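Asker: Sequence first, then the predicted structure, then my questions.
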Amino acid sequence: MKIFLTCIAFIIFWSLSAQNSDFKIIKASKQMQYGGVVGSPVISYYEVSFKAKRKLTISIDSAWAEGKKDQAYIQLDSSQIGVKKTVKKGQILTIAVAIKSESSSLGGLDQTATQPGSPSSSSPCKAPSKICIPYSGGKSKMLSFNNLTVLQAQFGQ
């Protein structure tokens with residue numbers, strides 16, 4: 001009986017420790033964007049909204065998705081982005097990242113030119129996840145999740 005209770009306590013402790021102590025995920029989405037110009041990269045645009053569980057100043061740099069790494073941004077208001085923000089308890093925070101594919105044949109006279117996409121990189125998240133966002137300024141240090149709403153793709157004109 002002691003072994004059974006110890007196992008149950010361990011499972012409960014492990015599941016609570018796996019949760020982020022700074023933020024609660026509200027929604028996460030992915031939208032593919034296809035450029036309308038020859039040679040445009042295909043972009044996977046991720047947007048994640050969180051609710052702060054306490055007051056803190058968050059700083060972010062990069063995010064990992066699809067085996068690639070790129071710059072992540074915090075939406076400060078409807079027209080500004082940044083990499084650092086102070087949030088109050090209960091405040092909503094949105095982080096966005098665009099993972100780009102390499103594009104070839106940019107058009108024009110030089111048909112061999114390529115535009116590099118997001119660099120390939122291993123995710124720092126220990127658990128497998130669809131997107132991983134490391135941050136500083138909180139008790140936890142990683143935001144990672146698998147549940148994404150896939151939005152309708154956008155096609156360029």
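Answerer: The structure has been received and is ready for your questions.

Asker: OK, contacts around residue 139?
Answerer: Shown in contact with residue 139 (Cβ atoms under 8 Å, 6 or more residues apart in numbering): 21-22. (Each C-beta comes from the backbone N, C-alpha and C, glycine too.)

Asker: Residue 73 reaches residue 84, doesn't it?
Answerer: No - using Cβ atoms under 8 Å, residue 73 is not in contact with residue 84, being 10.5 Å away.

Asker: Quick check: neighbours shared by the two?
Answerer: Each of residue 60 lies in contact with both residue 73 and residue 84 under the rule Cβ under 8 Å, 6+ apart.

Asker: Strands along the chain, start to end?
Answerer: If DSSP state E is used as the criterion, the strands of the chain fall at 23-34, 42-52, 56-60, 62-65, 68-75, 81-82, 84-87, 92-100, 103-104, 114-115, 131-136, 142-145, 149-150, 154-155.

Asker: Paired strands for the first one, with orientation please.
Answerer: Just to be clear, that refers to strand 23-34. Using DSSP bridges, strand 23-34 pairs in its sheet with strand 42-52 (antiparallel), strand 149-150 (parallel), strand 154-155 (parallel).

Asker: and residue 143, which of the ones you listed is closest to it?
Answerer: strand 42-52 (7.2 Å; Cβ to Cβ).

Asker: Report the buried residues of the closest one.
Answerer: Buried residues in strand 42-52, counting neighbours by 16 or more other Cβ atoms under 10 Å, are found at 43-50, 52.

Asker: cool, and stretch 127-135?
Answerer: 129-135.

Asker: With only the CA atoms kept, save that stretch in CSV.
Answerer: Output of stretch 127-135 as CSV, limited to C-alpha atoms (Å, rounded to 0.1, in the frame of the first residue of the first chain):
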residue,chain,number,x,y,z
ALA,A,127,10.0,17.0,-24.2
PRO,A,128,9.0,16.7,-27.9
SER,A,129,6.9,19.7,-28.9
LYS,A,130,5.7,21.5,-32.0
ILE,A,131,7.0,24.8,-30.8
CYS,A,132,9.5,25.7,-28.0
ILE,A,133,10.1,29.3,-26.7
PRO,A,134,12.8,29.7,-24.1
TYR,A,135,12.6,32.9,-22.0
